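Peer 1: Make a model of this:
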Amino acid sequence: MAEIVVRIPEELEAGARELGEEELNRIVSEALKARLSEEYMFKLADELLKESKLTDELALKLGAELKERVAKRHTQ
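Peer 2: Residues are numbered from 1 along each chain as shown. Okay, the predicted model is just below:
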């Protein structure tokens with residue numbers, strides 16, 4: 001497994017020391033995994049949508065229409 005160095009800001013040092021190395025490693029690992037996953041998903045979405053003719057305005061309109069339909073279904 002690769003290792004990285006994490007610089008902890010002064011204002012977080014006391015809390016990091018209190019958590020201990022094992023807990024801090026777990027927290028950093030989970031945060032890194034979540035962030036990398038998020039970045040990968042955005043990159044993938046950008047790649048899939050780069051040729052799309054769907055505008056932001058149309059996407060918002062379609063989203064609002066879908067929201068209305070779902071709301072109607074749940075109120076019936």
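
Peer 1: Helix or strand for Arg7, just tell me which one.
Peer 2: Under DSSP states H and E, no helix or strand contains Arg7.

Peer 1: oh sorry, the question was meant for Glu38
Peer 2: Here Glu38 is assigned to helix 21-49, by DSSP H and E.

Peer 1: Off-centre distance for that helix?
Peer 2: Remark: helix 21-49 is offset 7 Å from the chain centroid, using C-alpha atoms, centre = their mean, to the nearest Å.

Peer 1: Can I get the very next helix or strand once past it as PDB, trimmed to CA atoms?
Peer 2: The helix or strand immediately downstream of helix 21-49 is helix 56-75, counting by DSSP H and E. Only the C-alpha atoms of helix 56-75 are listed here, as PDB (Å, rounded to 0.1, in the frame of the first residue of the first chain):
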ATOM      1  CA  ASP A  56     -28.400  23.600 -17.600                       C
ATOM      2  CA  GLU A  57     -31.700  25.400 -18.100                       C
ATOM      3  CA  LEU A  58     -33.300  22.300 -19.700                       C
ATOM      4  CA  ALA A  59     -31.900  20.000 -17.100                       C
ATOM      5  CA  LEU A  60     -33.400  22.200 -14.300                       C
ATOM      6  CA  LYS A  61     -36.700  22.300 -16.100                       C
ATOM      7  CA  LEU A  62     -36.800  18.500 -16.500                       C
ATOM      8  CA  GLY A  63     -35.800  18.100 -12.900                       C
ATOM      9  CA  ALA A  64     -38.700  20.300 -11.800                       C
ATOM     10  CA  GLU A  65     -41.100  18.400 -13.900                       C
ATOM     11  CA  LEU A  66     -39.900  15.100 -12.500                       C
ATOM     12  CA  LYS A  67     -40.200  16.400  -9.000                       C
ATOM     13  CA  GLU A  68     -43.800  17.400  -9.600                       C
ATOM     14  CA  ARG A  69     -44.700  14.000 -11.000                       C
ATOM     15  CA  VAL A  70     -43.100  12.200  -8.000                       C
ATOM     16  CA  ALA A  71     -45.000  14.500  -5.600                       C
ATOM     17  CA  LYS A  72     -48.300  13.800  -7.400                       C
ATOM     18  CA  ARG A  73     -47.700  10.100  -7.200                       C
ATOM     19  CA  HIS A  74     -47.100  10.200  -3.500                       C
ATOM     20  CA  THR A  75     -50.100  12.400  -2.800                       C
END
